[in-house]
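**Q** Please work out how this folds:
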Amino acid sequence: MDIIYLGLLFCEKSLQEEFGTIKRKISMAPHKFQSNLIRGMESQENVNLSVVNVPPIGSFPINNKKFISREYIWGKENKQIGYVNLPWFKHIIQEYKLYFEIERRILNEKTTWIMIYSLYEPFLKTVQRIKKRHPEVNICLLHTDAVPGRDDMEQYMTKAAKRRGNKAVKIAKSFNRFILLTENLLGPLEVGDRPSLVVECLCDETQQQAETKERVGGTFLYTGEVCRAFGICELAEAFKGKENLQLWICGDGDAHDDITKLASNYPNIQYFGYVTQEKIKKLQDKCSFLINPRQPAGTYTKYSFPSKTAEYMMTGKPVIMYKLEAIPDGYDKYLNYLKETTPKGIAEEIQLIADSDYSVLKEKAENGREYMLKNKNSKKIGQRIVNFLCEE
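**A** Numbering: from 1, shown residues only. The predicted model follows:
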């Protein structure tokens with residue numbers, strides 16, 4: 001089976017260069033998810049997979065220092081396209097180059113499937129054009145989040161955003177199959193009776209278990225986007241005056257100034273900002289708990305299984321979070337759920353968790369890691385996806 005994957009990630013050759021030019025830090029979760037997925041599909045027999053990639057960076061000059069995004073080639077046939085990184089204009093160049101790369105691969109390899117990640121407009125327009133020219137080629141959409149223009153994630157939904165969302169869904173109606181992180185996406189994407197597969201998450205089986213030798217008791221670690229909408233401010237407020245508990249925060253976002261101010265006033269709250277994966281690993285080794293403050297507020301939370309959950313579970317440390325609608329009940333026995341959403345309520349629940357028998361919580365977390373390694377490793381998910389694409 002020949003598969004072309006259109007992705008929004010970073011090739012390893014460009015990773016450090018791209019991060020040196022980004023003005024506004026971005027989430028690495030989509031990159032990790034796609035990297036694991038690609039590795040899983042590549043591990044399958046009789047699968048010839050090639051990647052055509054667009055790095056998920058902002059435009060020059062507001063969000064990026066770089067006027068030109070360079071081209072990179074890696075592996076046998078993987079390519080990150082280069083383009084002029086200007087708003088609007090870059091999409092035109094991307095569409096042209098994406099079409100050229102896919103057309104060349106179809107003619108050379110007789111590709112049977114094109115898989116695209118998300119409803120990125122240049123991807124949609126490219127495969128729409130390809131489908132008209134090569135109706136025998138099958139298109140599969142891999143979508144991992146809320147559908148833009150069709151949810152309340154945007155505080156002020158504009159008519160233009162709704163039009164873009166409706167247009168994207170209209171184009172997607174010509175696709176053959178869908179791979180989604182939650183069944184709740186079937187409605188907004190108007191999948192209907194077309195074949196779909198729900199995978200909810202996959203783990204990086206190479207991720208090492210966190211150490212416990214230097215563990216600091218009563219320490220809660222958050223790593224991710226520091227955004228008000230994700231509940232980070234309420235979480236930080238809950239730790240005010242809790243001298244026996246510590247909160248460590250890594251990441252960047254619109255709550256940067258709020259968290260910086262709290263950290264400067266309360267010694268038990270430490271804000272490390274945007275840090276490397278090596279630094280995160282060291283903090284995971286030292287902390288007692290990993291916490292995700294995203295609350296079950298807003299309809300968009302039912303459309304995405306937080307990739308952070310899989311990453312946290314793989315550490316073997318107790319995971320504290322909310323039960324979001326997109327999380328299947330099968331995960332309940334491995335996770336520790338918060339119920340309160342106010343700083344006072346969160347503080348009370350966190351104190352109860354900190355006072356619990358840590359050995360019991362640790363065993364629960366280690367069982368969760370084993371569950372992920374057995375059922376959600378990249379090879380197994382890759383096999384499910386390939387089998388899904390092979391079904392008649």
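
**Q** going forward, measure contacts between C-alpha atoms and count neighbours the same way
**A** OK.

**Q** wait, isn't Glu234 in contact with Pro343?
**A** Yes: between Glu234 and Pro343 there is a contact at 5.1 Å, judged by Cα atoms under 8 Å.

**Q** domain ranges for the protein?
**A** Following automatic domain parsing, the chain resolves into domains at 2-202+377-390, 219-375.

**Q** In CSV: the ones you listed, plus distance to Glu211.
**A** Formatted as CSV, the entries for those read as follows, by distance: least, Cα to Cα, whole Å:
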stretch, distance to Glu211
domain 2-202+377-390, 21
domain 219-375, 5
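
**Q** nearest to Ala210, of those?
**A** Set against Ala210 and scored by Cα to Cα, these come closest in domain 219-375, at 4.8 Å.

**Q** coming back round to it: so for Glu234 and Pro343, which residue has more residues nearby?
**A** Neighbours per residue, other Cα atoms under 10 Å: of Glu234 and Pro343, the larger number sits with Glu234, 20 against 17.

**Q** contacting residues for the more buried one?
**A** Taking Cα atoms under 8 Å, 6 or more residues apart in numbering, we find Glu234 in contact with 341-343.

**Q** Equivalent analysis for Val226, please.
**A** When contacts are counted by Cα under 8 Å, 6+ apart, Val226 touches 232, 250-256.

**Q** where exactly do the strands run in the stretch 1-150 of the chain?
**A** Along the stretch 1-150 of the chain, the segments classed as strands by DSSP state E, counting those that start in this stretch run 2-7, 48-53, 68-69, 72-74, 78-80, 83-84, 113-117, 138-143.

**Q** what does the fourth one rub up against?
**A** The contact list for strand 72-74 (Cα under 8 Å, 6+ apart) reads 11, 13-14, 79-82.

**Q** who wins for neighbours among these?
**A** For those, the largest neighbour count, defined by other Cα under 10 Å, is 25 neighbours, found at Gln80.

**Q** my guess is Ser307 contacts Phe33, does it?
**A** Yes: Ser307 sits in contact with Phe33 when judged by Cα under 8 Å, with a separation of 7.5 Å.

**Q** so which of the domains of the chain comes closest to Gln209?
**A** With Cα to Cα as the yardstick, what comes closest out of these is domain 219-375 (4.5 Å).

**Q** what mean pLDDT would you report for that closest one?
**A** Taken as a whole, domain 219-375 has a mean pLDDT of 95.
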